[in-house]
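Undergrad: Sequence first, predicted model second:
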Amino acid sequence: MTTLNSQTMIHFTRGVPPLESIPTHDLVVHTTALLHEECDLVFQYAPLGRYQGDPALREQLGALHEVDPDRLFVGNGSLQVLDLLAGHLLQDDNPWVYVEAPTYDRAVQIFERHGAQLVGLPMEPDGLDIEVLRDKLRVRVPAFVYTIPDF
């Protein structure tokens, strides 16, 4: 962390969160309790596809944010969340997904595992070619568009 003009600056360096952003004491307390209560389940993989995440956590988050827990999903990381989203968004009869070309290979594998039909869209220096996307949308509306934002 550095200080500039009396304001605290938080560095968003990849993979290096500021120490004060991690509630380590609370994590120790809750992890210890969880290991005592659910030791047989903690280290098991969650089901793949159409799984919305841990029901108890969704209940707690729903209560905290005053949202119906059925409208929430939680995951352990970006690929699991991508799998959860793909399973949710591809459950209708619309298998089409528009993706950047090129795109992330793991995303392609996840989408195809859920039965997606991928359509690659070209990139421009500043991101997805919006004109091509507009033309494609006039022909077919996909289940979703997958793009990888950057700075």
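TA: That came through, no problem.
Undergrad: residue ranges of the helices in the chain, please?
TA: 24-37, 55-65, 78-89, 105-113, 130-139 (DSSP state H).
Undergrad: Can you point out the buried residues in the second one?
TA: This means helix 55-65. Buried residues in helix 55-65, counting neighbours by 16 or more other Cβ atoms under 10 Å, are found at Arg58, Leu61. All C-beta spots, glycine's among them, are computed from the backbone N, C-alpha and C.
Undergrad: which other residues reach it?
TA: For helix 55-65, contacts defined as Cβ atoms under 8 Å, 6 or more residues apart in numbering pick out Gln52, Val67, Asp68, Pro69, Asp70, Arg71, Leu72, Phe73, Val74.
Undergrad: switch the cut-off to 10 Å
TA: Glu38, Gln52, Gly53, Asp54, Val67, Asp68, Pro69, Asp70, Arg71, Leu72, Phe73, Val74 (Cβ atoms under 10 Å, 6 or more residues apart in numbering).
Undergrad: what is the mean pLDDT for it?
TA: Here helix 55-65 scores 93 as its mean pLDDT.
Undergrad: residues in contact with stretch 21-40?
TA: By Cβ under 10 Å, 6+ apart, the list of residues contacting stretch 21-40 reads Ile10, Leu41, Val42, Phe43, Gln44, Asp54, Ala56.
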